[in-house]
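Trainee: 3D, please:
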Amino acid sequence: MNEETSQPVESSTAADVPPDHLAINPRSEWFDGEKLARGVGIRFKGVERTNIEEYCISEGWVRVQAGRTTDRKGNPLTLKLTGEVEAWYQDLGEDAPVAKKG
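Mentor: Numbering: from 1, shown residues only. Purely as a prediction, here's the structure:
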């Protein structure tokens, strides 16, 4: 008898959708330089945003920098905003698959 092992096969569309949670801060556990290098577009509450520091699609929030304010260690202070979040890879062009809470 042959024993078949079932391994998850990643389809091309699964690889073309950004992760559920991603941050631009290298010290964050959610940082992934390879995925950020592709360029991730973010739409928050229907408006495309370019100032997002971190996002989570499943929980429906983004973090944005609060002006030029920094904490005592020199890190920018961020505000957590809640709402509908959508993400896509910008290198795929206009018809890129969009990751959103569904």
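Trainee: mind listing what the spatially most central residue of the chain touches?
Mentor: Taking C-alpha atoms, centre = their mean, the centroid of the chain lies closest to residue 22, which sits 3.9 Å from it. The contact partners of residue 22, by C-beta atoms under 8 Å, 6 or more residues apart in numbering, come to 30, 31, 32, 35, 36, 40, 54, 55, 87. (C-beta placed from N, C-alpha, C; glycine too.)
Trainee: so for residue 8, what's the pLDDT?
Mentor: You'll see residue 8 listed with a pLDDT of 38.
Trainee: low-confidence ranges in the chain?
Mentor: 1-14 (pLDDT under 70).
Trainee: scan it for its longest helix.
Mentor: helix 33-38 (DSSP state H).
Trainee: ok, what's across the strand from residue 65?
Mentor: residue 78 (DSSP bridges).
Trainee: surely it and residue 78 touch.
Mentor: Yes: the pair residue 65 and residue 78 qualifies as a contact (C-beta atoms under 8 Å) at a distance of 5.7 Å.
Trainee: ok, the closest residue in space to residue 49 that isn't next to it in sequence to residue 60 distance?
Mentor: Among residues not flanking residue 49 along the chain, residue 42 sits closest, at 5.3 Å (C-beta to C-beta, 6 or more residues apart in numbering). Per C-beta to C-beta, to the nearest Å, residue 42 is found 13 Å from residue 60.
Trainee: equivalent analysis for residue 45, please.
Mentor: To residue 60, residue 45 is 10 Å away according to C-beta to C-beta.
Trainee: tell me how far the residue nearest to residue 49 lies from residue 100.
Mentor: In this view, residue 42 and residue 100 are 11 Å apart by C-beta to C-beta.
Trainee: fine by me, we can end here.
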